[in-house]
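Engineer: next comes the sequence, and after it the predicted model I'd like to discuss.
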Amino acid sequence: MNATDFVTEYEYAASVLLLVLMILYAIRDKFRTSANFVFVAMLFATFASSVLHIFTTSMLRDAADYPLWLNYTLNIAYLFAYENLAPLSLCYASKITRHDRTGSPDKFIVLGTVALNSLLLFTTPFTKLVIYFDENMTYRHGPLFLLLAGAALLILAYEFALVVRFRKKLKPVQIVSVAVFITLTIIASLVQLLFPEQIIGNYMIALSLLTFYISLENPAEYVDRSTGCFNAEAFYITAESYMERNKSFAAAAFCPQGLSYFAEILGLRESGAICAIVAEDLKKRLKKSELFYLGNWEFVIISETASASELTAVLRDFFKKPVSMNGIEAPVTPYICTLTYPGFVSTVKDIRDAIDYTLNSMKGGKETVVEMTAGSLEAKQRELKVLAAIKQAIKDDSFQMYYQPLFDIKTGSFSSAEALIRMIDKELGFVSPEEFIPLAEANGLIPEIGELSFRSVCRFLKSGKAQAYGIKYIEVNLSVLQCAQEKLSSQLMGIMEEFGISPEQINFEITETAGLANYDALLGNMNRLISRGVTFSMDDYGTGFSTANYLITLPTDIVKIDKSILWPAMENEEAFIVLRHTVEMLRSLKKKIVAEGVETIEMVKLLSEIGCDYLQGYYYSKPVPPDTFITFLADNVRSAQAQTV
Ligand code: C2E
Ligand code: CA
Ligand code: CA
């Protein structure tokens, strides 16, 4: 073959393309992940290979015009860059499939091939095994030239197998990118074999690196668009790369309480704009630490150099001055939780779980800094187990409704009952509704639970047993999320009709949080249901904000005074005054009053004296299964009759 035949245009194109990629890569924010390093190495190697190839091909036209050492140096350098691309790409595949950890042969294959390439190439001026220049200074391939290409092909085959084997660990785009790389490289080799003057190898590789760049290595993939911070995915990759390399680091996750104020005042639909302002300023304070936005007003910082307490100090100091936007200023308190690695976490998911759980449990509490421990993780794992149990119970329709009677002071009998849900899981045993209802709410499972439990109540009422002993209606708890759904009223009416239950037999308990969440939807639902004959109770009065507003505007007949108002009233005078005046006020508002948590005869006496209408509590009965409840009612009616005889 005549050296003058080489078509070098492809190499020029490849060089330019790679140069652009390298510049794009350099000017954009990027991560310190090991896969990124390898990608950059591939960019450099391919660039070096194409530039060197331009020189070597042009020199080969008149090799004799240049010193032998220069011919050798450039050709060896070119081949070194080119032939080591395959092991580099294996290294990359090994990283993204996470197959590079201890025990995998990948490292040896990569290092072995690089060593073999080096040995053969660096000695070829003496051994003439790979390339050499004959007596006419003509460039020639040595007997082992094809060995290098063969080794590269074997490596690509191995890499292909690796990606196929670990395809589940990869995103589709990763599989496609690696497949494109391997296919293009093999095509290039075949073309090279058939048409040696068409030197398209580097160009093909550059093209596939472009695929990588667009799909995987594009830093924009890891940036949260609205805040300009690295996103949760980036956090994942960064933390994982630290953990893989056994590097110790500190992390501080925080949720700036008060930022949502801006969203409300300025009518922002998303947290983006204000979070972006905070992030921008905060980044300037963070030296050698990375800031990520996890979404939902939550950030996390990772630092290799600063300790958890140093990160906390930086954050506290930063939020000392109010945040301002569009001329509005507001104080912001960060809720911070920290952890140190190595410690109780072993995966990035553990970190996320611990952060999720801790920040969530801090909301509304007094503590603003919490050091996460194994306990945070256990609590999260318990949550996940409970969540799984809820889903199973929904599937099996295995929730049970228990009933707790309400004593009517005026008639001296039990005229209604509250239905309370129970979940008994095979593995976890009894799980309190105080634990699982909030979890079900947070995970969107409440509508299904609400429907199942309401059906159960209607089924119970349909039997007519309770009514036979004087029960006039059943109180059913509605969660905040149910009330926010426009279709709630029609859904509940539908179920009542299905079971032939008249609406007068149902009283729904709502809390004022339901008013806070979606007032219009709540009111709409209430009005539609009331027009059919259903009544409503305001539950847990005295625990929340107890805004007079909801008491006046929401059409409730009954108010249930929480035990947290009753119990202290038994102990101290001031609390008693509060209870007495609460009852007085509610009476003036023409509300029927239920006192909850009635446990002793003293409470019964006191509550009757100050004017409550109904009493509910362990003094009469705990919530019990339907059969026990009916037996309880029957016994009561019998003993009442016995007394009158
Ligand atoms: P809640 O609506 O305030 O229900 C009253 C809670 O007080 C019940 O707890 C009941 O067992 C308990 N209780 C009643 N009398 C006494 C007493 O004399 N002393 C003491 N210490 N406690 C008493 P439970 O059944 O564990 O329910 C807890 C909460 O879970 C309920 O508070 C309610 O918010 C929610 N919940 C229960 N069932 C349902 C349901 O079917 N749907 C919805 N959305 N929430 C429910
Ligand atoms: Ca209730
Ligand atoms: Ca209550």
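Structural biologist: Alright, I've got the coordinates. Because the structure is predicted, anything quoted here is derived from the model rather than measured. Ligands and ions are numbered 1, 2, ... in the order given.
Engineer: ok, what's across the strand from Leu291?
Structural biologist: Ile301 (DSSP bridges).
Engineer: quick one: contacts for it?
Structural biologist: Cys229, Phe230, Ala279, Leu282, Lys283, Phe299, Val300, Ile301 (Cβ atoms under 8 Å, 6 or more residues apart in numbering). Using the backbone N, CA and C atoms, a C-beta is placed for each residue, glycine as well.
Engineer: where exactly do the strands run in the stretch 201-350 of the chain?
Structural biologist: 249-257, 289-295, 298-303, 323-325, 328-330, 333-341 (DSSP state E, counting those that start in this stretch).
Engineer: distance between the third one and the chain's centre?
Structural biologist: Averaging C-alpha positions (Cα atoms, centre = their mean, to the nearest Å) puts strand 298-303 14 Å from its chain's average.
Engineer: in CSV: the strands of the stretch 201-350 of the chain, plus distance to Phe122 and mean pLDDT.
Structural biologist: Shown next, in CSV, are those (distance: least, Cβ to Cβ, whole Å; pLDDT from 0 to 100):
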stretch, distance to Phe122, mean pLDDT
strand 249-257, 40, 94
strand 289-295, 40, 91
strand 298-303, 41, 95
strand 323-325, 60, 84
strand 328-330, 66, 82
strand 333-341, 42, 95
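Engineer: can you lay out the ones you listed as a markdown table showing distance to ligand 1?
Structural biologist: Conversion of the strands of the stretch 201-350 of the chain to a markdown table gives the following (distance: least, Cβ to the nearest ligand atom, whole Å):
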| stretch | distance to ligand 1 |
| --- | --- |
| strand 249-257 | 25 |
| strand 289-295 | 27 |
| strand 298-303 | 27 |
| strand 323-325 | 35 |
| strand 328-330 | 33 |
| strand 333-341 | 25 |
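Engineer: now distance to ligand 3 too, for those strands, in JSON lines please.
Structural biologist: Formatted as JSON lines, the strands of the stretch 201-350 of the chain follow (distance: least, Cβ to the ion, whole Å):
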{"stretch": "strand 249-257", "distance to ligand 3": "28"}
{"stretch": "strand 289-295", "distance to ligand 3": "34"}
{"stretch": "strand 298-303", "distance to ligand 3": "31"}
{"stretch": "strand 323-325", "distance to ligand 3": "38"}
{"stretch": "strand 328-330", "distance to ligand 3": "34"}
{"stretch": "strand 333-341", "distance to ligand 3": "28"}
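Engineer: okay, those in a markdown table with distance to Glu584 next?
Structural biologist: What follows is these, written out as a markdown table (distance: least, Cβ to Cβ, whole Å):
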| stretch | distance to Glu584 |
| --- | --- |
| strand 249-257 | 37 |
| strand 289-295 | 48 |
| strand 298-303 | 45 |
| strand 323-325 | 44 |
| strand 328-330 | 39 |
| strand 333-341 | 38 |
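Engineer: which among those strands is found nearest to Thr57?
Structural biologist: strand 289-295 (43.7 Å; Cβ to Cβ).
Engineer: now find how far off-centre the closest one is within its chain.
Structural biologist: For strand 289-295, the distance to the chain centre is 14 Å (Cα atoms, centre = their mean).
Engineer: buried residues in it?
Structural biologist: Ser289, Glu290, Leu291, Phe292, Tyr293, Leu294 (16 or more other Cβ atoms under 10 Å).
Engineer: name the element the nearest residue to Lys560 once chain neighbours are set aside belongs to?
Structural biologist: Leaving aside its chain neighbours, Lys560 sits nearest to Val594 (4.3 Å; criterion: Cβ to Cβ, 6 or more residues apart in numbering). According to DSSP states H and E, Val594 maps onto strand 592-595.
Engineer: which neighbours in the sheet does that strand have, and how are they oriented?
Structural biologist: Sheet pairing for strand 592-595, using DSSP bridges, gives strand 558-561 (parallel), strand 614-615 (parallel).
Engineer: I'd like these as TSV, with distance to Val173 and mean pLDDT appended.
Structural biologist: Output for the strands paired with strand 592-595, formatted as TSV (distance: least, Cβ to Cβ, whole Å; pLDDT from 0 to 100):
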stretch	distance to Val173	mean pLDDT
strand 558-561	55	96
strand 614-615	62	98
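Engineer: neighbouring contacts of stretch 91-107?
Structural biologist: So stretch 91-107 is contacted by 33-35, 38-39, 42, 90, 110, 159, 162-163, 165-166, 169-170, 174, 178, 216, 244 (Cβ under 8 Å, 6+ apart).
Engineer: can you give me how far it is from the chain middle?
Structural biologist: 27 Å.
Engineer: can you point out the buried residues in that stretch?
Structural biologist: In stretch 91-107, counting by 16+ other Cβ under 10 Å, buried: Cys91, Tyr92, Ala93, Ser94, Lys95, Ile96, Thr97, His99, Asp100, Asp106.
Engineer: could the C-alpha coordinates of stretch 246-265 be exported in CSV?
Structural biologist: C-alpha atoms of stretch 246-265 as CSV (Å, rounded to 0.1, in the frame of the first residue of the first chain):
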residue,chain,number,x,y,z
ASN,A,246,-13.6,4.1,50.8
LYS,A,247,-13.2,7.8,51.2
SER,A,248,-14.5,9.3,54.4
PHE,A,249,-16.9,12.3,54.1
ALA,A,250,-19.5,14.3,56.0
ALA,A,251,-22.9,15.1,54.7
ALA,A,252,-25.4,17.7,55.9
ALA,A,253,-28.9,17.7,54.6
PHE,A,254,-31.1,20.6,55.3
CYS,A,255,-34.5,22.0,54.7
PRO,A,256,-34.7,25.8,55.0
GLN,A,257,-38.0,26.4,56.9
GLY,A,258,-39.6,29.6,55.8
LEU,A,259,-38.6,29.5,52.1
SER,A,260,-42.1,28.4,51.2
TYR,A,261,-43.3,31.8,52.5
PHE,A,262,-41.8,33.4,49.4
ALA,A,263,-43.6,30.9,47.2
GLU,A,264,-46.9,31.8,48.9
ILE,A,265,-46.3,35.6,48.9
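Engineer: buried residues in that stretch, which are they?
Structural biologist: Buried, per 16+ other Cβ under 10 Å, within stretch 246-265: 249-257, 259-260, 262-263.
Engineer: distance from the chain centre to that stretch, please.
Structural biologist: The answer for stretch 246-265 is 15 Å, by Cα atoms, centre = their mean.
Engineer: now stretch 563-573
Structural biologist: Using Cα atoms, centre = their mean, the offset of stretch 563-573 from its chain centre is 42 Å.
Engineer: contacts for that stretch next, please.
Structural biologist: Outside stretch 563-573, the residues touching it (Cβ under 8 Å, 6+ apart) are 541-543, 575-576, 578-580, 582, 595-598, 600, 602-603, 606-607, 617.
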